[in-house]
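> sequence? don't have it. structure:
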């Protein structure tokens, strides 16, 4: 048995390490102020894919839609053991909501061709919608198992998985090909491999390869083709697809394809009986910590 | 909060970038010719340095995020021995899986056996970070030295059979040297190796004690192969696998490094293979193994010291007494500054030592091939070997002693709380205590180093450092160190001319410490030349430690024999 597994991952701002400038005036995330990381639950999705490959054979392909520097998470996927990676990137994809994103990813999955399983993390830590995985399944016309914690069995035609539900779990069996979304409790993502890191740190997209030759004016097509061939052979090639490569309809991608608008952002303050307002300054926070220590609430 | 023990400690990266490892890496990589065959092999020096940097960053993440949070549980739970089978604490099992998934179990080994072919310097940086996270895990991590010893002295067939299994993490190792009656004095080893003519095989019989990870799958064993002999020349080195004839009789209940099982072993006719030549077990192979282990323990101690300093600093910032954070009291910040200087000095000395260990190793390897060997390479091997033989024990003594001092001060900074088992400080304090005992006590490190100190092996290096283009304050500081160096030379001369072995032995430790202080002072001055921000560090070290050097000099120069003459009388009271 050999499974082709597509993992869709997202590069996200590290919202677990919020600093003062994390939010812009309009209430959207200030991506520049936060380090960009591999979305945590997408790492669980990748780990699950790698474990399935170890158990059942096959290959793991990781795809992300994002700006050119999102290749950082694709290289990280290679360091963990992914076989192949794809960057879906185009200025025209910018500003996509979950509808436009899932449409774009569905186009990428179709362009990839034949596969058995699509795995996504349950949700990304920047938007917290948990919509892209399920929408992707709908657009691809595939059955979906969400909130997967463990894959119990994979047959030639079906997958049996255990899913998290409120107050317990359920066991679901579904036909291949299918889509799954994975939760954080599913596994502990493996560390990177030192040897894979040393080898795949050189993995590049075509744009990155051209950049090493001094930028966009580089036009030696033959030399480029030869280099591409060598890199492909070594597994160092990161596919780079734009809107044209995907045959995406212009009005369904990016801003144009995104009906979602942020109407208002509200900072909700929960009101209790007695409270103290701590201003978000380093000094005030230090004061609070000291107070808690003095009161023996923290030790 | 994600922690990365490489990114949060720029000192390691500073060392990596400023040590100047070009020659070592080029020779280890055979002129960067392996890139065609192995995708992970570097194409040139910057490529290699970049890989080291990235791999260290990756291990920094594993150490900070995964290993460190498990350290307390590992310490409390520890390994268990049930029905003759040792099981690690669950945290240790996960740690080892992480390290083996990260492909870090064959750091030094050649690529053809699945290793990373990295220098000892990089391996030691890894050691430091792993130990900062969990000192007891470092004991298991650094047993890679077993594989390295087989790589160095085993035959091709043994390398093929054992090394890939080490590199993949499939097997772990132990070195079985110590016996109840043979601790510091390994010449007294009695475990018997019997050669069976009929089968053409060796069998081991006897006891070993205090064996770190004695439950390992593969053991390197020092055993008496020559019947009737009594000294080190009757000992050979063997490799054997665990099996029903090899019993773990007990595991020790130790003060520290709880995660690492220390075993008593009974060998009942265990089949074994000879490694290398007969009779060279102690004199050549164990000495080499021990030197590697001494570097590793230095890294372990440095990691503990780094962790302890950070705990002290954190507590001193948080704890308020008399209306302010205690770090604002001179008596407290003095402890912290001295600890920091000791740690920075240790790091300077240790990575300077590993550089010479690496230089020795690449030339030794080079000179195994006749057509690559010239007078120049032979000379280089000899010189680097002598320097490494002094620097290794000096750094082991320095790193392990200061680790204990830093932990002591960290407990002191914690006050009464430090005496309770609520903070990591107490674990670090206990873990540090073994480092200046095993792999040769500090006293024995001085014995190992004193020959080279008396012969002034490091003088050419010290003179070179003295003549770097210092100016202004650095020049004044360098002059102070030059004078300290002169005092050292004077003391060496004085001890030499006495021709008195008791006085020589008694002063050996002081001379070694003087040597370390002079060398570290120069190393920190050199760092300050590269980075002006570090002038305060060099100045701080020199101001704190030259008075200490002076006090050693005063004792040596005093011609005071009262210790030798009166020790029995005093102890008789």
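Thanks, I have the structure now. Bear in mind the structure is a predicted one, so any value in this text is a computation, not a measurement.

> And the helices in chain A, which stretches?
For chain A, applying DSSP state H gives helices covering A:40-56, A:71-80, A:98-112, A:132-140, A:194-200, A:206-212, A:221-233, A:282-294.

> and the closest residue to residue B:411 other than its chain neighbours, what is it in contact with?
Using C-beta to C-beta, 6 or more residues apart in numbering or on different chains and skipping residues adjacent in sequence, the residue nearest residue B:411 is residue B:418, 3.9 Å away. Quick note: C-beta positions are derived from backbone N, CA and C, even for glycine. Counting by C-beta atoms under 8 Å, 6 or more residues apart in numbering or on different chains, residue B:418 makes contact with B:410-412, B:425-426.

> so where's the chain uncertain?
Picked chain A for this. Along chain A, segments meeting pLDDT under 70 span A:18-20, A:25-28, A:216-217, A:271-273, A:299.

> The chain in question should be chain B.
Applying pLDDT under 70 to chain B flags the ranges B:1.

> tell me the contacts of residue A:84?
For residue A:84, counting by C-beta under 8 Å, 6+ apart, the contacting residues are A:59-62, A:235, A:239.

> For residue B:87, the count of nearby residues, please.
By the other C-beta atoms under 10 Å in any protein chain shown criterion, the neighbourhood of residue B:87 contains 13 residues.

> Against chain A, how distant is the closest residue to it other than its chain neighbours?
Among residues not flanking residue B:87 along the chain, residue B:80 sits closest, at 5.3 Å (C-beta to C-beta, 6+ apart). In this structure, residue B:80 and chain A are 23 Å apart, going by C-beta to the nearest C-beta, to the nearest Å.

> and residue B:80, what is it in contact with?
Residues near residue B:80 by C-beta under 8 Å, 6+ apart: B:86-87, B:251.

> Among those, which ones are in strands?
Secondary structure assignment (DSSP state E) places B:86-87, B:251 from the contacts of residue B:80 within strands.

> Now flag whichever of those residues is closest to chain A.
Closest to chain A out of the ones in strands among the contacts of residue B:80 is residue B:87 (20.3 Å), distances taken as C-beta to the nearest C-beta.

> That closest one contacts residue B:79, doesn't it?
Yes: with contact taken as C-beta atoms under 8 Å, residue B:87 and residue B:79 are classed as touching, separated by 6.4 Å.

> can you count the residues close to the residue nearest to residue B:390 when sequence neighbours are not counted?
Distances taken as C-beta to C-beta, 6+ apart place residue B:452 nearest to residue B:390, at 3.4 Å, with adjacent residues excluded. The number of residues packed near residue B:452 is 20, by other C-beta under 10 Å.

> Give me the buried stretch members for the helix or strand containing residue B:452, please.
Take DSSP states H and E as the rule and residue B:452 turns out to sit in helix B:442-454. The neighbour-count criterion (16 or more other C-beta atoms under 10 Å in any protein chain shown) identifies B:442, B:444-450, B:452-453 as the buried residues of helix B:442-454.

> Tell me the one of the residues you listed nearest chain A?
When the buried residues of helix B:442-454 are compared for distance to chain A (C-beta to the nearest C-beta), residue B:445 wins out at 31.5 Å.

> Correct me if wrong: the closest one contacts residue B:390.
No: proximity of residue B:445 to residue B:390 does not meet the contact threshold set by C-beta under 8 Å, at 10.5 Å.

> returning to that earlier point: which one of the contacts of residue A:84 is nearest residue B:355?
For the contacts of residue A:84, the minimum distance to residue B:355 (C-beta to C-beta) is 34.6 Å, reached by residue A:235.

> which strands and helices sit next to the strand ranked longest in chain B?
If you go by DSSP E, chain B has its longest strand at strand B:262-275. Under the contact definition 3 or more C-beta pairs under 8 Å, 6 or more residues apart in numbering or on different chains; DSSP states H and E, strand B:262-275 sits against helix B:144-153, strand B:201-212, strand B:218-224, strand B:235-241, strand B:246-251.

> which stretch among these comes nearest residue B:135?
Relative to residue B:135, the nearest member of these by C-beta to C-beta is strand B:201-212, separated by 12.4 Å.

> can you give me the angle the closest one makes with strand B:246-251?
Counting by axes from the mean of the first three to the mean of the last three C-alpha atoms, to 10 degrees, strand B:201-212 points 20 degrees away from the direction of strand B:246-251.

> so what strands line up beside strand B:201-212?
Partner strands and pairing direction for strand B:201-212 (DSSP bridges) are strand B:192-196 (antiparallel), strand B:262-275 (antiparallel).

> Name the residues that touch the first one?
Read that as strand B:192-196. B:201-206, B:223-225, B:236, B:238, B:269, B:272.

> what about that strand, distance to the chain center?
33 Å (C-alpha atoms, centre = their mean, to the nearest Å).

> Pull out the buried residues from that strand.
Buried residues in strand B:192-196, counted by 16+ other C-beta under 10 Å: residue B:193.

> ok, now the last one?
Counting neighbours by 16+ other C-beta under 10 Å, one finds that the buried residues in strand B:262-275 are B:262-265, B:267, B:270-275.

> Show me which of those residues is closest to residue B:563.
Closest to residue B:563, out of all of the buried residues of strand B:262-275 and judged by C-beta to C-beta, is residue B:262, at 34.6 Å.

> pretty sure that closest one is touching residue B:210, no?
Yes: Residue B:262 is in contact with residue B:210 according to C-beta under 8 Å; the separation is 5.7 Å.

> Need the overlap of contacts for these two.
Residues within reach of residue B:262 and of residue B:210 at once, by C-beta under 8 Å, 6+ apart, are residue B:252.

> Now do the same contact list for residue A:170.
Under the criterion of C-beta under 8 Å, 6+ apart, the contact list for residue A:170 reads A:162-163.

> switch the cut-off to 10 Å
Contacts of residue A:170 were listed using C-beta atoms under 10 Å, 6 or more residues apart in numbering or on different chains, and they are A:145, A:147, A:161-164.

> Please, which helix or strand holds residue B:314?
Taking DSSP H and E as the criterion, residue B:314 maps to helix B:287-318.

> Please compute how far that helix lies from its chain's middle.
With C-alpha atoms, centre = their mean as the basis, the mean position of helix B:287-318 lies at 9 Å from the chain mean.

> Tell me if it is near chain A.
Yes: Helix B:287-318 reaches chain A (C-beta under 10 Å from any C-beta of the partner chain) through B:317-318.

> so where do the strands sit in the stretch 151-299 of chain A?
Using DSSP state E, counting those that start in this stretch, the strands found in the stretch 151-299 of chain A span residues A:158-165, A:168-175, A:178-182, A:238-241.

> Go through the ones you listed and pick out the most buried.
Greatest average neighbour count among the strands of the stretch 151-299 of chain A goes to strand A:178-182 (a mean of 26), per mean count of other C-beta atoms under 10 Å in any protein chain shown.
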